[in-house]
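Colleague: Take this sequence and fold it.
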Amino acid sequence: MKKITVIGAGAWGTALAQLLAASGRKTQIWAREDEVVEAVNKDHANPLFLPDFPLHGDLRATSDLAEAAAAELILAVTPAQFLRPVMADLAAHMKPGVPVVICAKGIEKDSFALMSEVLSETMPEAPQAVLSGPTFAIEVAKGLPTAVTLACADEDLGERIMAAIGQPHFRPYWTDDVIGAQIGGAVKNVLAIACGIVEGRALGDNARAALMTRGLAEMMRYGAMHGGRAETLMGLSGLGDLALTCNSDQSRNMSLGIELGEGRRMEDILAERRSVAEGAHTVSAIADHVSPMDFEMPICTAMDGVLNYMADIDATIKGMLERPYRAEQG
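Modeller: Just a heads-up that it's a prediction; the model follows:
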């Protein structure tokens, strides 16, 4: 697995491509935007999505999916809501047996499908794995110490992928719990927006700690419903990612929440951004999924109201604080 393609040239895709190119892997990155391809190839930079960071001189970019498919390992790093069409187009060019590592975090809005389910439908023959965990793109690109979860049902394949992408400063830990690894990465984005609102409304550190903890309980319930394991959600791809994303405005999701909490309108915030805050899409998938069931996810449901139905933030907070008392475990 020395020839690797990263599909998606946002900040996270660019950081992974930089990591691999710097480690000596023959690495190319696929981008939809021609200006990104030109910037990577000519200037060794991606000013649109990872500004002010010099990229490795051996990293190459392409907008041709047939060229991108000529690899021994594919990392799929498109935004979650675009994974299906991109993988469907890429499938026509893929060689049999080439593994695909899903690096997108989210749940498909209309189908409620996890990204592994989307990949199984678009590339049913491709061996698959999931990469998730507490990762800010710029820190990975700089080579700062990072640990992640590599989820793969096939342990031998998981070990091969870890050998291909792992570095002393980028440590993957294997699990066979592909479901749990995805649930953590998806739900934490919603909770990060909520924590941002807490910060923007100046509700204090106590409130943020309470929200994170009760949010983790929602994450674990939702994970169990899908068949994910609790220990996975207490690891890097669950609690670890939650702790990172809910405690720094480097997070696109938390920074979105901060601006909402400060009183800005959703459409105004999004109009100024090129990057995607995945939680804004995932929240509607979660809320629509659980609404017909007798299944409580009050934080996620409340965030769906704020983000998609213009629910008043102060009224939403008041409603959450007035919920009936209950046992902590549950």
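Colleague: The least confident helix or strand in the chain by mean pLDDT: which residues count as buried?
Modeller: Here the helix or strand of the chain ranked lowest by mean pLDDT, DSSP states H and E is helix 266-271, holding a mean of 90. By neighbour count on 16 or more other C-beta atoms under 10 Å, the buried set for helix 266-271 is residue 269. Any C-beta I mention is one placed from the backbone N, CA and C, and that applies to glycine too.
Colleague: and the next element down the chain from that helix?
Modeller: The helix or strand immediately downstream of helix 266-271 is helix 279-290, counting by DSSP states H and E.
Colleague: CA atoms only for that next one - export them in CSV, please.
Modeller: Only the C-alpha atoms of helix 279-290 are listed here, as CSV (Å, rounded to 0.1, in the frame of the first residue of the first chain):
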residue,chain,number,x,y,z
GLY,A,279,-23.2,18.4,12.5
ALA,A,280,-25.6,20.7,10.8
HIS,A,281,-26.6,17.9,8.4
THR,A,282,-26.2,15.0,10.7
VAL,A,283,-28.6,16.5,13.3
SER,A,284,-31.6,16.2,11.0
ALA,A,285,-30.8,12.6,10.1
ILE,A,286,-30.6,11.6,13.8
ALA,A,287,-33.8,13.5,14.7
ASP,A,288,-35.8,12.2,11.8
HIS,A,289,-34.5,8.7,12.5
VAL,A,290,-35.5,8.5,16.1
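Colleague: Now do that helix, average pLDDT.
Modeller: Averaging pLDDT along helix 279-290 gives 94.
Colleague: Quick one: the strands in the chain, in order.
Modeller: Counting by DSSP state E, one finds strands in the chain at the ranges 3-7, 26-30, 60-62, 73-76, 100-102, 128-132, 146-151, 170-175.
Colleague: how about the second one: buried residues?
Modeller: Translated: strand 26-30. Within strand 26-30, the residues that count as buried by 16+ other C-beta under 10 Å are 27-30.
Colleague: okay if I get those as CSV plus pLDDT?
Modeller: Below are those laid out as CSV (pLDDT from 0 to 100):
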residue, pLDDT
27, 98
28, 98
29, 98
30, 98
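Colleague: how about these, which pair is most distant?
Modeller: 27 and 30 (11.1 Å; C-beta to C-beta).
Colleague: Name the residues contacting each of the two.
Modeller: 5-6 (C-beta atoms under 8 Å, 6 or more residues apart in numbering).
Colleague: Centroid-nearest residue for this protein?
Modeller: A centroid search over the chain (C-alpha atoms, centre = their mean) returns residue 105, at 2.7 Å, as the residue closest to the centre.
Colleague: What number of residues are in the vicinity of the spatially closest residue to it that is not a sequence neighbour?
Modeller: Distance criterion C-beta to C-beta, 6 or more residues apart in numbering; nearest residue to residue 105, sequence neighbours excluded, is residue 185 at 3.6 Å. The tally of other residues near residue 185 (other C-beta atoms under 10 Å) stands at 35.
Colleague: What's the per-residue pLDDT of residue 185 here?
Modeller: On pLDDT, residue 185 comes in at 96.
Colleague: isn't it right next to residue 235, touching?
Modeller: No: Residue 185 is beyond contact range of residue 235, at 11.5 Å (criterion: C-beta atoms under 8 Å).
Colleague: In space, what's closest to residue 129 - neighbours in sequence excluded?
Modeller: In this structure, residue 129 finds its nearest non-sequential neighbour in residue 152, 3.8 Å apart by C-beta to C-beta, 6+ apart.
Colleague: Low-confidence stretches in this structure?
Modeller: The chain contains residues with pLDDT under 70 at 330.
Colleague: Distance check, residue 261 against residue 316.
Modeller: Going from residue 261 to residue 316 by C-beta to C-beta, to the nearest Å gives 11 Å.
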